[in-house]
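Peer 1: Predicted model and sequence below, questions to follow.
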Amino acid sequence: MTILITLPTFFPEESRAIVGYLERGDIDLIHIRKPQADRLAVQRLIGQIPSHYYDRLVLHDHHSLAQQYHLHGVHLNSRNPQPPAGWQGAVSISCHSIGELAERRREPFAYMSLSPVFDSISKQGYRSAFTREQLLQAHGQGIIDRRVMALGGVTFDKLKEIQQMGFGGAMILGDAWKQYLA
């Protein structure tokens, strides 16, 4: 599974870029992560995306919009630690250590991310927290499996390596939007 996470801020033609990735067919989901955005701004972005793609969108904030627009899922975080009442869609979460991942994997998340797997592209000084050997060992112990997505410094050219380490897929941020960061 390949998941893109939006930049934390909006940029011109963002909805067009999101649709372009979804149309290509090699991106499974788009996580809309706008931690400083108000509900109306996130709603406006969703409204600019054709509704037949809603089942491939996941929200990090303003989870009630996921219910309103029948989106694929919600991603839990410190700002939104619980899904909305009555939520029936997918729920995902981020983990930042192998221990946390081992503990959280007992919960019924559709998938979880582990980060940072590589040195970050979008966050200065955010370095990998794991050696390749630690990741392979976690996979051998059944901690890293098809429900775990690699996050942090992931580029499109590392997808095969991520699969070889036992991850179920990857979440990409910086490499997906680097042309918009300049």
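Peer 2: All right, it came through fine.
Peer 1: hey, let's count contacts and neighbours off CA atoms from now on
Peer 2: OK.
Peer 1: Check the chain for its longest strand and report it.
Peer 2: Counting by DSSP state E, the longest strand found in the chain is strand 90-95.
Peer 1: Residues contacting it, please?
Peer 2: 72-77, 83, 101, 109-115 (CA atoms under 8 Å, 6 or more residues apart in numbering).
Peer 1: how about the helices in this protein?
Peer 2: Ranges of helices in the chain, per DSSP state H, are 14-24, 39-47, 64-69, 98-104, 132-140, 159-164, 174-181.
Peer 1: Pick the most buried one from those helices.
Peer 2: helix 64-69 (a mean of 17; mean count of other CA atoms under 10 Å).
Peer 1: From the chain's centroid, how far away is the longest strand of the chain?
Peer 2: 8 Å (CA atoms, centre = their mean, to the nearest Å).
Peer 1: Partner strands of it and their direction?
Peer 2: Strand pairing for strand 90-95, using DSSP bridges, gives strand 73-76 (parallel), strand 111-114 (parallel).
Peer 1: quick one: H62 and R39 touch, right?
Peer 2: Yes. At 5.9 Å, H62 counts as touching R39 under the criterion of CA atoms under 8 Å.
Peer 1: what number of residues lie near R106?
Peer 2: Residues contacting R106 under the criterion other CA atoms under 10 Å number 8.
Peer 1: hmm, I was thinking of M165
Peer 2: 20.
Peer 1: With adjacent residues omitted, what lies nearest to it?
Peer 2: Nearest non-adjacent residue to M165, counting by CA to CA, 6 or more residues apart in numbering: L136, 5.6 Å away.
Peer 1: Please determine how far the one you found is located from S128.
Peer 2: 15 Å (CA to CA, to the nearest Å).
Peer 1: what does A41 give?
Peer 2: 32 Å.
Peer 1: what does G166 give?
Peer 2: To S128, G166 is 17 Å away according to CA to CA.
Peer 1: For the two, indicate the residue with more neighbours.
Peer 2: Neighbours were tallied for G166 and for S128 using other CA under 10 Å; the higher tally belongs to G166 (23 against 16).
Peer 1: Hmm, that one is touching G142, no?
Peer 2: No. Counting by CA under 8 Å, G166 sits too far from G142 to count as a contact (9.2 Å).
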